[in-house]
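In: Mind looking at a prediction? Sequence and model below.
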Amino acid sequence: MEQEVWSSFTHDPRDRRFTGIRASDQDRLLVEQVLAEAYADGRLDREEYDERSRQVAGVRVLGDVNPLLGDLVAVRPPSGSLVHASRRDLELLAERHWRAKRREAVMSAGAASLVTTAIWFVTSWGGGSFDPYFFWPAFVIVFSLLNVVRTVATRDDIVDAEVRRLERKRDKEQRKPGWWW
């Protein structure tokens, strides 16, 4: 239902390209319906419902819809489909992808550093006493941290590449089967 709300507008109000486009009567009616449903579900109290309903009459452009519905309707598209995903949805998914890559780099660095340091520590015990030798795990730690730094420093590149990938996937999903034959 929630994804259907965004696709029911003349243009997706969450997409920055359409925030300046004039809203239609149908768009305002849709906002009223969502507010009424949220009130009926108990997600809005009477006061907040009345306030937002008064604001609907003042909706001139699609960008005015976001403050009224942003906390009532899901922002992200369904996980399996990108057909109705706006540019903003794709950016949010790409940001989540970057966070996962960053987390993966940090966890890998931590695990590799911990394991190699543990091996070094265990092998430093000889003859019943601790006799440390060259701290070779430093190489693993440095290279692992370099990967973390690279992942953090190239955030914009990673996000942009993921947005492009998601756009290609969305475009492929939107194509009608056999449209080019």
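Out: Received it, and whenever you're ready, just let me know what you need.

In: from what I can see residue 63 touches residue 13, true?
Out: Yes. Residue 63 is within contact range of residue 13, at 6.5 Å (criterion: C-beta atoms under 8 Å). To be clear about C-beta, it is placed using only N, CA and C from the backbone, and glycine gets the same treatment.

In: what sits in contact with each of those two?
Out: residue 19 (C-beta atoms under 8 Å, 6 or more residues apart in numbering).

In: all helices in the chain, in order from the N-terminus.
Out: In the chain, the helices defined using DSSP state H lie at 2-8, 25-41, 46-56, 65-69, 87-123, 137-153, 155-174.

In: follow-up on the earlier one: just want to know which of residue 63 and residue 13 has more residues nearby.
Out: Set residue 63 next to residue 13 and count neighbours by other C-beta atoms under 10 Å: residue 13 wins out with 28 against 17.

In: so what pLDDT did the one residue sitting closest to the centre of the chain get?
Out: When the chain is reduced to its mean C-alpha position, the closest residue under C-alpha atoms, centre = their mean turns out to be residue 92, at 2.7 Å. At residue 92, the pLDDT value in this model is 88.

In: Nearest to residue 17, out of the helices of the chain?
Out: helix 87-123 (6.7 Å; C-beta to C-beta).

In: Packing partners of the closest one?
Out: If you count contacts as 3 or more C-beta pairs under 8 Å, 6 or more residues apart in numbering; DSSP states H and E, helix 87-123 packs onto helix 137-153, helix 155-174.

In: What residues sit buried inside the shortest one?
Out: Pointing back at helix 137-153 there. 137, 140, 141, 144, 148, 151 (16 or more other C-beta atoms under 10 Å).

In: Need the residues that contact it.
Out: By C-beta under 8 Å, 6+ apart, the list of residues contacting helix 137-153 reads 101-102, 105-106, 108-110, 112-113, 116-117, 119-120, 158.

In: swap the cut-off to 7 Å and go again
Out: Helix 137-153 is contacted from outside by 101, 102, 105, 106, 108, 109, 112, 113, 116, 117, 120, using C-beta atoms under 7 Å, 6 or more residues apart in numbering.

In: Any idea how far it is from the middle of the chain?
Out: 25 Å (C-alpha atoms, centre = their mean, to the nearest Å).

In: before we move on, back to that, dump the helices and strands packed on helix 87-123 to JSON lines, plus distance to residue 88 and mean pLDDT.
Out: Shown next, in JSON lines, are the helices and strands packed on helix 87-123 (distance: least, C-beta to C-beta, whole Å; pLDDT from 0 to 100):
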{"stretch": "helix 137-153", "distance to residue 88": "23", "mean pLDDT": "95"}
{"stretch": "helix 155-174", "distance to residue 88": "10", "mean pLDDT": "89"}
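
In: Fine, thanks again, bye for now.
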